[in-house]
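> Next comes the sequence, and after it the predicted model I'd like to discuss.
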Amino acid sequence: MAEMMEESSHFDSHTVNVGRTSATVKGGRRFSFGALVIVGDRRGRVGYGYAKGVEVPRAVEKAEKAARRTLITVPMEGNTIPHEVEGTFGASKVRLIPASPGTGVVAGRTLRALLEHAGITDCLTKCYGSTHAMNVLKAALDGIGRLRSPQRVAELRGVTLEPTETAVKVSKGRAFMPAGFSLPKPKPRQERQGGRPGGGSAKSSSSAPSVGAGRWWCPPSGPSLATRSRSRVWPRRSGAHPPSTGASSRIARCLPCRPPWR
């Protein structure tokens, strides 16, 4: 029992999608939630699960348990796949292409989560047809199921194979990479805080952003708060020099912009 708990603790989970469905009954509408979850140990084992529940946490928990029951082993050549493969499911078709070390995972949201949880850090992908998350997952797993390592092929054929093109690229790439090298994690995107270019919240408008190379900022000093709320916003990347603070009492602040006068 302790070994099973220790093994399950090594797996990471990622919720791909949570959908809500409703059924109209006599007393109103009854809602249920469906969760699609990917589980993997980042060392060659990955699986997915889909489950429903009356609450989101319950649906995610059931999907994780279902994903642990469908784990498969992914053949790998270093940090990539042994050869190019194509998988299909329904109207979706997914192509997986091996890449040299340092390339990274070039994929969408669903495929990226699947490959990263499987431990693949260098791979090129392309999706054709339907891009529904469930169809893309099943098509990718169909392609992964067709992968064969060179050792497995040599064992089945009873011959000795020469190093494959992917193995040669991986060995050459490792020769140019320092020991312990890892790709930097991408920075998370900053969501916009309103419909206007300057942001919709009072907190974002009152605090000036950090001034970097080639940027300027006009502090909102001078007019009152009522005047500031009705003030004009200087357009981003305009062709004119930003006006001074005392030019007009109507202009209270300017957006951080790349100066056109350099």
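Sure, I can see it.
> Please, where are all the strands along the stretch 1-150 of the chain?
12-25, 28-40, 45-53, 72-73, 85-89, 92-98, 105-106, 123-129 (DSSP state E, counting those that start in this stretch).
> Export those to CSV and append columns for mean pLDDT, distance to Ala139 and mean neighbour count.
From N, CA and C alone the C-beta is placed, and that goes for glycine too. Listed next are these as CSV, based on pLDDT from 0 to 100; distance: least, CB to CB, whole Å; neighbours: other CB atoms under 10 Å:
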stretch, mean pLDDT, distance to Ala139, mean neighbour count
strand 12-25, 92, 14, 13
strand 28-40, 94, 14, 18
strand 45-53, 94, 12, 21
strand 72-73, 92, 14, 13
strand 85-89, 94, 4, 18
strand 92-98, 94, 4, 22
strand 105-106, 92, 17, 18
strand 123-129, 94, 8, 17
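> What pLDDT does the model give Phe11?
On pLDDT, Phe11 comes in at 87.
> Next one: it relative to Arg68, how far apart?
Separation of Phe11 from Arg68 (CB to CB, to the nearest Å) stands at 7 Å.
> what sits in contact with each of the two?
Counting by CB atoms under 8 Å, 6 or more residues apart in numbering, the contacts common to Phe11 and Arg68 are Val39.
> show me the contacts for the residue nearest to Ile72 when sequence neighbours are not counted.
Once flanking residues are discounted, Ile72 sits nearest to Gly47: 6.2 Å by CB to CB, 6 or more residues apart in numbering. By CB under 8 Å, 6+ apart, the residues touching Gly47 are Ile38, Val39, Gly40, Ala67, Arg68, Arg69, Thr70, Leu71, Ile72.
> Name the nearest of these relative to Pro101.
Gly40 (20.2 Å; CB to CB).
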